[in-house]
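**Q** Need coordinates for the following:
(one chain, ligands or ions: 3)
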Amino acid sequence: PTPVANNFLRTIIEDDLKNGKHTTIVTRFPPEPNGYLHIGHAKSICINFGLARDFGGCCHLRFDDTNPAKEEMEYIESIKESVRWLGFDWGTHMYCASEYFEQLYQWAEYLIQQGKAYVEDLTADEMRAYRGTLTEPGKESPWRSRSTDENLDLFRRMRAGEFADGAKVLRAKIDMASPNINLRDPVLYRIIHATHPHVGDAWCIYPMYDFTHGQSDAIEGITHSICTLEFEDHKPLYEWFLDNLPVPSRPRQYEFARLNLTYAVMSKRKLHELVNLGIVSGWDDPRMPTLMGIRRRGYTPEAVRAFCEMIGVGRSDSWIDMSILEECVRADLNERAPRAMAVLRPLKVVVDNYPEGQAEEFEAPNHPQKPEMGSHRVTFSRELFIEQDDFMEEPPKGFFRMTPGSEVRLRYAYIVRCTGVVKDENGAIIEVHCEYDPASRGGSAADGRKIKGTIHWVSQAHAMDAEVRLFDRLFSDPNPDRGGADYKQFLNPLSVEVIGTAKLEKSLADADLETRFQFERQGYFRPDPVDSQPGKPVFNRIVTLRDAWTK
Ligand code: ATP
Ligand code: MG
Ligand code: MG
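**A** Ligands and ions are numbered 1, 2, ... in the order given. Model prediction:
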């Protein structure tokens, strides 16, 4: 991956700092606490926290908690944990939009007093009918001409809890004929009698997102309010509020293209559904695109940050292929993951000329290119396991692994020659026999003869049993969310394969739960932090060694 891709926001900020528009920048990441974060949010987090870091500014974490019905404390805690996991720190700058409810309320009264807001009695359906369409102007509500006094009185009674949910709303009085539908007297407040996770029952009217966001930015002194492109149409409204309210600062909104990732769905509704239907084991299922999921799977925050850098920040909608994310994970783990040997589908091998009861140790480097990462010991003995796939009785041309009559190298140990097989009554191979060349200690022949194949192995008596979960993409179609069909029909039936019979080299016995390994020739793995038990390890495959999807 190339480290720095283009990011038009950098240029804007550089100019703003150079020409003195700002002396320092303040950004914010504003999640709504109604679900868990996903890889799309990671892009927004990396942009906002990354710009603040790079320009010596500050990034706020702000919970956009304006809808009490859908929001929960559990999400708040999980969002904080995910942002920290990605490597970012908001310091003392954590806020909630609900902290500004009183100020927002005062500003709503201010608009009423200025003749720029009114209490609406039309029902939601009627309001929709009055709103008009893209080609047709809207119609003014009969309640639009209420007096300031009547509006103030009604709005105060809304706050006092006199009216039922949906009975009235407060609207801005802007322009029912505006070509931008967002400016056709948008709703500012609605009545919701619900307990809010932060402010409890203090309020029964709640401000809309549009009436909250820009003012919150202004209160916090945000300089660059960075959001996804779907808010471009809201920008005139964002600015209308800043123009018409006595706000303490003047933030500016910038939009960027959201992350669309192939082979994944990211809408909260669909992620909820995958969990609720039991299609995945939970929000942290290692196949989920949630930050909890990819974290449990073993993706590193470094890889996710590198991915976000690499894809850059632009203004045109585009799709990023899942293979790019996977390649970032591979690139990071290739640098850092210690190597180890694990046999997933074991086939027993007996080295007939190796003394029974004897064992010896070989030094295996933890990383082939990085001696500074040290080494570990692997134990060799007469009875071993190799991968079933690494043996063929009647091999096709070009098969350089173990096959009767020819030689193969057992990595780090010896060259062996296969002498025969033992089969069960059904003809299935249950054991392979071979002889080792004692002069090939370490793996090279004394006479310099070339051995084409090298395979991994573990010693039967020294191996540890493990469960290994081979995760793959959750969907087998690049665009499961394309519409016109149920996305669930594109689920990948092979998105997880559980192998209960794996044999690991014993150095993995006390693997730290956070360590990611390369199982040689297999891929990158980590202990599952939830299901792994001392003495009963479970390993997750994080990513394969090579991309098997891109053709
Ligand atoms: P939903 O629309 O499913 O409710 P959301 O995207 O609105 O999800 P928020 O909690 O409002 O979720 O998002 C917080 C921030 O993350 C917003 O600024 C939003 O623009 C950004 N964000 C969300 N999804 C993506 C994405 N796919 N790519 C980039 N940024 C995203
Ligand atoms: Mg949302
Ligand atoms: Mg949103």
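**Q** For my notes, confirm residue 103 occurs in a helix.
**A** Yes - the assignment for residue 103 by DSSP: H, G, I helix; E, B strand; the rest coil puts it in a helix.
**Q** Next, count neighbours for it.
**A** By the other CB atoms under 10 Å criterion, the neighbourhood of residue 103 contains 15 residues. Using the backbone N, CA and C atoms, a C-beta is placed for each residue, glycine as well.
**Q** How about it, nearest residue that isn't a chain neighbour?
**A** Nearest residue to residue 103, sequence neighbours excluded (CB to CB, 6 or more residues apart in numbering): residue 219, at 6.7 Å.
**Q** mind checking the SS state of that neighbour?
**A** Recorded secondary structure, residue 219: helix (three-state DSSP).
**Q** Use 58 as the first number for this chain going forward.
**A** Got it, the first residue is 58 from now on, which makes the last one we talked about residue 276.
**Q** ok, now which ones touch the residue in the chain positioned nearest to ligand 1?
**A** At 2.3 Å from ligand 1, residue 97 is the closest residue in the chain, using CB to the nearest ligand atom. Contact partners of residue 97, counting by CB atoms under 8 Å, 6 or more residues apart in numbering, are 315, 316, 317, 318, 323, 346.
**Q** Now, of those residues, which are buried?
**A** Neighbour counting by 16 or more other CB atoms under 10 Å classes 315, 316, 318, 323, 346 among these as buried.
**Q** Identify, from those, the entry nearest to residue 201.
**A** Nearest to residue 201, judged by CB to CB, of these is residue 315 at 35.4 Å.
**Q** Do you know the pLDDT at the closest one?
**A** At residue 315, the model reports a pLDDT of 96.
**Q** Could you do residue 608 as well?
**A** Per-residue pLDDT puts residue 608 at 63.
**Q** do residue 61 as well
**A** 53.
**Q** Check the secondary structure at residue 604 for me.
**A** Under three-state DSSP, the three-state class of residue 604 is coil.
**Q** and it, how many residues sit next to it?
**A** Neighbours of residue 604 (other CB under 10 Å): 15.
**Q** where do the helices sit along the protein?
**A** When secondary structure is read from DSSP state H, the chain shows helices at 65-75, 96-111, 130-142, 158-170, 181-188, 205-217, 266-277, 292-301, 325-333, 348-354, 358-368, 379-393.
**Q** right, and those - which one's nearest residue 449?
**A** helix 379-393 (28.2 Å).
**Q** Could you list the contact residues of the chain toward ligand 1?
**A** In this structure, the chain approaches ligand 1 at residues 87-89, 97-98, 100-101, 284-285, 315-316, 323-325, judged by CB under 6 Å from any ligand atom.
**Q** thinking again about what came up before, could you pull up the residues touching the residue nearest to residue 160?
**A** Going by CB under 8 Å, 6+ apart, residue 276 touches 157, 160, 304, 305, 306.
**Q** Most neighbours among the residues you listed, please name it.
**A** Busiest of the contacts of residue 276 [other CB under 10 Å] is residue 157, holding 21 neighbours.
**Q** isn't it right next to residue 275, touching?
**A** No - using CB atoms under 8 Å as the test, residue 157 is too far from residue 275 to be in contact (9.8 Å).
**Q** quick one on the thing from earlier: and the contacts of residue 97 as a markdown table, adding distance to residue 409?
**A** Putting the contacts of residue 97 into a markdown table (distance: CB to CB, whole Å) gives the following:
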| residue | distance to residue 409 |
| --- | --- |
| 315 | 62 |
| 316 | 57 |
| 317 | 58 |
| 318 | 52 |
| 323 | 56 |
| 346 | 51 |
